[in-house]
Every structure is written in structure tokens, then in C-alpha cells.
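Asker: The following block contains a protein sequence and its predicted model.
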Amino acid sequence: ALRLQKTGSSPTKGQFVAQVVRQQLVEAYVGYHAFGLQESDDADLPVAFPDEFDFSVFLSAHPGRLDITSGGHTHTATVTVEVWDAVPPAMDPAGWDEQAEADLTFSSGQLAVWSMHTGRMDDVITLAESGGSWRVRVSCAGRAEAAALSEGDGTGVGVERYLIQFWPANT
């Protein structure tokens, strides 16, 4: 596990330092400015992706589902998913185009990546061995570059980058 702490400080005796317990890199095929993460076993979801997708906000949560609005129309975004054992350290917002947080609950610990164009993608993200309540922070960089590519002929791969951090909601 990675141990992270603020530069120039050290944890005092008994102070808990949040740690990354799992990290995964996936690609999200963005279509119509959108992609989502949804419960892998989605049969019982009240609203399945992409129903009720809100294009007016960067991040929105539904039961068992997280919707993300992209800066570009059609491209492949790089997504780093981190699972933390507690609240991760705050990040400098200057390095990101967008940041938002949400609370959500999953009945399993497995999420699938979904595209507006292609539906469910092959990657499965593991949060935990079972379901639970989570807090998530989504950060994005490269939105203007992805939008510019959408205006031209290219679709781009990895131009828009996401960092999605999950941690248990009770920490």
C-alpha cells in the first residue's frame, strides 16, 4: 500500500495516515460527452446507465451508479481509480480542470465502466469484497484539449485524464 502524507510533516504517534489499498488504471470510451461507473451486477438498479443522465453537471450520483460529464464528445479517457482506507489528503485544485465529490452506496464491491456509445466496457473495478457506502472524489484534467479534439477530426486517447478516489463513507 502507498503511504501518503503532506510534505514536510510527519504523523505524530497514534495519528492515522490514510493509505491507498487498491489502484487500477482503466480506459473509458467517452461518447456524447459522458461515461459512468455502475454496479457490475446492475439487474436490481432503480435507474440504469444512462437513464436520467444530467449533462449540466460534472458529477452526479444515482443508487449504484456514478455519472461523469466529459469536456469532449468522443474520445478515450484515461481513468486512475484509487481505493483508500480513509479520507485521502486534499489535492491542490490548481492542477485540475474540475473536481467534485459525492456519496453513494453499492450492493457489491464491483463496478463496471459504461459508455454512451458502446454500453458496458470490459474493465471491472474492485472497491471491496462486498458492498457498502462510499465517498468519492472525481478530478479531471485535459477537458479543453478533449473539447478541441471534438471540434476537429480526431478523437484522442488519454488527452482527458481522471483520478477517481473512493473511501469508506464512515471515515
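Answerer: Everything's here; your move. Numbers count the residues shown, from 1 in each chain.

Asker: where in this structure is pLDDT low?
Answerer: Where the chain drops to pLDDT under 70, the residues are 1-15, 153-154.

Asker: so where do the strands sit in it?
Answerer: 2-3, 19-30, 34-39, 59-62, 65-69, 75-84, 98-106, 110-115, 119-126, 132-141, 157-168 (DSSP state E).

Asker: List the contacts of Ile68.
Answerer: The contact partners of Ile68, by Cβ atoms under 8 Å, 6 or more residues apart in numbering, come to 28, 34-37, 58-59, 138, 140, 162. Just so you know, the C-beta spots here come from the backbone N, C-alpha and C atoms, and that holds for glycine as well.

Asker: Would you mind measuring from it to Val57?
Answerer: Taking Cβ to Cβ, to the nearest Å as the measure, Ile68 falls 10 Å from Val57.

Asker: Can you get me a residue count around the nearest residue in space to Gly31 that is not next to it in sequence?
Answerer: In space, and not counting its chain neighbours, Gly31 is closest to His117: 3.1 Å by Cβ to Cβ, 6 or more residues apart in numbering. A count of nearby residues for His117, using other Cβ atoms under 10 Å, gives 11.

Asker: Closest to Pro89 out of the contacts of Ile68?
Answerer: The shortest approach to Pro89 among the contacts of Ile68 belongs to Val138, at 15.9 Å (Cβ to Cβ).

Asker: My guess is that closest one contacts Trp96. True?
Answerer: No. Counting by Cβ atoms under 8 Å, Val138 stays clear of Trp96, with 9.5 Å between them.

Asker: Looking at these two, which is more packed in?
Answerer: With neighbours defined as other Cβ under 10 Å, Val138 and Trp96 compare such that Val138 has more, 21 against 17.

Asker: ok, that one - contacts?
Answerer: Going by Cβ under 8 Å, 6+ apart, Val138 touches 58-59, 66, 68, 98-102, 162-165.

Asker: Contact partners for Leu149?
Answerer: Counting by Cβ under 8 Å, 6+ apart, Leu149 touches 72, 75, 155-156, 159.

Asker: Apply 10 Å and report the result again.
Answerer: Applying Cβ atoms under 10 Å, 6 or more residues apart in numbering, we find Leu149 in contact with 71-75, 142, 155-157, 159-160.
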